[in-house]
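here is a sequence together with a model predicted from it:
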Amino acid sequence: MNSTLLAHLNPEQLAAVTLESEPGLILAGAGSGKTRVLTTRIAWLLSTGRVGPGGIMAVTFTNKAAKEMLTRLSAMLPYNVRGMWIGTFHGLCHRFLRAHWKAAGLPQGFQILDASDTVAAVKRVCKAMNLDEERYPAKQAAHFIAHAKERAERPKDVVPRDEQDRRFIEVYAQYDAQCQREGVVDFAELMLRTYELMRDDPALRAHYQQRFQHVLVDEFQDTNALQYAWLKLFAPPGGQQAVFAVGDDDQSIYAFRGAEVGNMAAFEREYRVRLQVKLEQNYRSCGHILDAANHLISHNERRLGKTLRTDGPQGEPIRVNESPTDFEEAKWVLEEAQSLHRAGTPRAEIALLYRSNAQSRVLESALFNAGIPYRVYGGLRFFERAEIKHALAYLRLLENPNDDTSFLRVVNFPARAIGARTLEQLQDAARSSGRSLWQSVSALSGKPGQVLAKFTALVEELRRATEGQTLRGIVEHVVEGSGLAAHYRSDKDGAERLENLDELITAAESFVTQEGFGRDAVALPVDELGQGPGLTPDAETGEIMSPLAAFLTHASLEAGEHQAIAGADAIQLMTIHAAKGLEFDAVFLTGLEEGLFPNERALSDPDGLEEERRLMYVAITRARQRLHLSFSQTRMLHGQTRYNVKSRFFDELPPDALKWLTPQGGGFGSGFERDYASAWQRGSGLKGIVGAGREGWEPPRPRWGNASAAPAPAPVLPKSGHDSGLRPGQGVFHTKFGEGVVLALEGSGNDARAHVRFGRHGDKWLALSVAKLTPI
DNA sequence: GGCTCTTTCGTTTTT
DNA sequence: CGAAAGAGCC
């Protein structure tokens, strides 16, 4: 390793990188060079001979982070990085299970269910159990199961709290049995199976504990209970291994998915961490932005505590804007963004962030109508598209005909006259004999039996025809032979889907030639010997995983980009969650309103508010040079106009760092009429044409736009939907709850509701037609 | 079996 | 308001 790599580190980074073989907890603030520390440490460990490449395991949460680490490492080191266990939790578990499929009780060709496959599979279980879909929604059951697995609980371990839980436990048990029958595992199962095998097999545990001398974990604040327990099996507290945990409790924003920030404190305690390093030097943001971030997050009580600092300039103050409507807000954002662009900021360096996806619509509409290129993150990913999932289902049936999920997906697509009745019969037969749908086809006689036999014959034929072919050849043949291509060719709206299928064929081709082939997808040998490029034999049987199986795994484990329009200089739109880990020259943070952000659904418990605040912290720290905050007095939500007050987070920011572009109001009710009037006067260049705006706009098909300029829409005026005389921010008296403050108003007439904060009784939604509220 | 109408639901979602 | 899923109709 080039020794200058160490020379460029600051003292804290250096301390972290060169920590000797003992547990370390690194509190890595936003923009403090976390990835650099991780990769440099690995390079340091290797180049100083402290450990060989086979002795390192580095775990991340996203494929992107894992790839980034590998890329940086291979630039630093002459090694072939492939032998190292660097990957996502799920990717590494997958690799482990491929190597130990037999011990794990899995079929060799087991496949992975993605989120929607999982819900579909649970739904089948619920149907089979004849559960009332109203009272026991499959989606909820799927969540229940996932959460149980994240706590390492099998059906027998879950303690039910009510009748619904008892039913869900039964669903869980049946679902597990079904997955086992079909030879499939869901995401959580990858983790849990690995955990259980390590827990129950002392020899295996000893082997891996001896092998991995250094275990590095990225984004430690996002680990759930199972992942932490998993880690303790690979590198137990007090053991010989050195665990290097890197995280930032202030950026923990995934509690709703089971992440437990408490794992950081638990780690420090249980591993008796002697050295806790705080990386507080920030290399990303200007002073004002860091001031705002520090000030805001100091309002959280449960923190490990850290303060970002910079040697850089203060930069521009944070610009704050209040708008009368979400429409006007979008217009303001667009104008500011354009002026930044004119001043030289590339569009791709401008991010529009929001709390919830629904907010993107107004922004999109404004950008689209103005003809400004933009790109929205989120939504369907490549491998989640219906046509791609169809093609993959055929491919999966080639690998494993007992995969009922895939069977059901394509047995009648394209249509081949196999209806619900036939499938019910087939499912009954399968259930009573405990066999797969595929195996049960022969049990059906008459016409149903014939049409089904024709389908299985088709799949058999596809398998025969593709035997020995290249991966590309297989995919190409299946897309044609299954009838998918023909189906979309005859569909007048099928052009885009055909293109995607073509892209799948291309993806299959590049998957084989790519350097990445075999890294995530293919089983690697248990010991370090005999590493080959990709196709390495199975640890126990010596068998080689087929390229097709590897490709299918790749598709499940890495859903691909949302929408990659490479090279296009477009403004970036995404939720704050999606922005974590990214950075931009300029950031616009929109919809900073009570109820939206912090979101009202998070306010029921105090931890919820703290998580919202961390989310705000994440949002602020995405910005390098410029930060813009905005909120609107009114907003269209669920088809109704909502009247909002500005977010409490404004009160938690240092006034000196802010530059208010509008008089400091506070949302609806404060000087609204005046602002309203002036906004109306300002209009948008189309005075007098009321409501012309949203009609002309169609959601652009690909979620990036570059429309030719269309006339900007006129503002949509909020109807004075509250005949009650109430407005947000106003004090009210309620005979039962006492004094309170109106937070928001919704609906009108008989449906009018007010969100009111009462001192002692907390926040309540009150129907104005019923509740007696007196303005005070 | 496939289309159209109706109903329902709406925070965030790394794998 | 708008998407998506389910029910009902041809």
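Arrived safely.

residues of stretch A:251-262 that come out buried?
A:251-255, A:258-261 (16 or more other CB atoms under 10 Å). Just so you know, the C-beta spots here come from the backbone N, C-alpha and C atoms, and that holds for glycine as well.

what does it contact?
A:30, A:146-147, A:150-151, A:221-225, A:228, A:249, A:302, A:576-577, A:580, A:607, A:611, A:614-615, A:617-618 (CB atoms under 8 Å, 6 or more residues apart in numbering).

of these, buried ones?
A:30, A:146-147, A:150, A:221-225, A:228, A:249, A:576-577, A:580, A:611, A:614-615, A:617-618.

about what we covered before: so which of the contacts of stretch A:251-262 belong to helices?
A:146-147, A:150, A:225, A:228, A:576-577, A:607, A:611, A:614-615, A:617-618 (DSSP state H).

indicate the residue of the stretch 351-500 of chain A located nearest to DNA strand C.
Residue of the stretch 351-500 of chain A nearest DNA strand C, by CB to the nearest atom of the strand: A:Arg361 (6.8 Å).

find the centremost residue of chain A, please.
A:Ala578 (6.7 Å; CA atoms, centre = their mean).

per-residue confidence at that one?
In this model, A:Ala578 is scored at 95, pLDDT.

residues contacting A:Leu766?
Neighbours of A:Leu766 in contact, by CB under 8 Å, 6+ apart: A:734, A:753-754, A:756, A:773.

could you dump these to CSV with pLDDT, neighbour count and secondary structure?
CSV is the format used below for the contacts of A:Leu766 (pLDDT from 0 to 100; neighbours: other CB atoms under 10 Å; DSSP: H, G, I helix; E, B strand; the rest coil):
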residue, pLDDT, neighbour count, secondary structure
A:His734, 79, 17, strand
A:Arg753, 70, 19, strand
A:Ala754, 78, 26, strand
A:Val756, 79, 27, strand
A:Leu773, 79, 20, strand
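
burial measure for the closest residue to DNA strand B within the stretch 301-450 of chain A, as a count.
The stretch 301-450 of chain A approaches DNA strand B most closely through A:Gly419 (1.4 Å), counting by CB to the nearest atom of the strand. Neighbour count for A:Gly419, taken as other CB atoms under 10 Å: 11.

re the thing from before, so which of the ones in helices among the contacts of stretch A:251-262 is the closest to A:Thr325?
A:Ile576 (22.0 Å; CB to CB).

tell me who's in contact with the closest one.
Contact partners of A:Ile576, counting by CB under 8 Å, 6+ apart, are A:253, A:353-355, A:589, A:615-616, A:618-619.

mind listing what's buried in the helix or strand containing A:Gly449?
Applying DSSP states H and E as the criterion places A:Gly449 in helix A:446-466. Applying a neighbour-count criterion of 16+ other CB under 10 Å, the buried positions in helix A:446-466 are A:448-449, A:451-452, A:455-456, A:458-459, A:462, A:466.

distance to DNA strand B for the residues you listed - can I get that in a markdown table?
Converted to a markdown table, those look like this (distance: CB to the nearest atom of the strand, whole Å):
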| residue | distance to DNA strand B |
| --- | --- |
| A:Pro448 | 9 |
| A:Gly449 | 13 |
| A:Val451 | 7 |
| A:Leu452 | 11 |
| A:Phe455 | 12 |
| A:Thr456 | 16 |
| A:Leu458 | 15 |
| A:Val459 | 18 |
| A:Leu462 | 20 |
| A:Thr466 | 25 |
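
quick check on A:Arg303: phi, psi?
For A:Arg303, the backbone dihedrals are phi -130, psi 160 (criterion: degrees, to the nearest 10).

go ahead and confirm it touches A:Asp248.
No - the criterion here is CB atoms under 8 Å, and A:Arg303 misses it with A:Asp248 at 10.3 Å.

settle it for me: which of the two has more neighbours?
A:Asp248 (26 against 15).

nearest spatial neighbour of the more buried one, chain-adjacent residues omitted?
Nearest non-adjacent residue to A:Asp248, counting by CB to CB, 6 or more residues apart in numbering: A:Ala28, 5.5 Å away.
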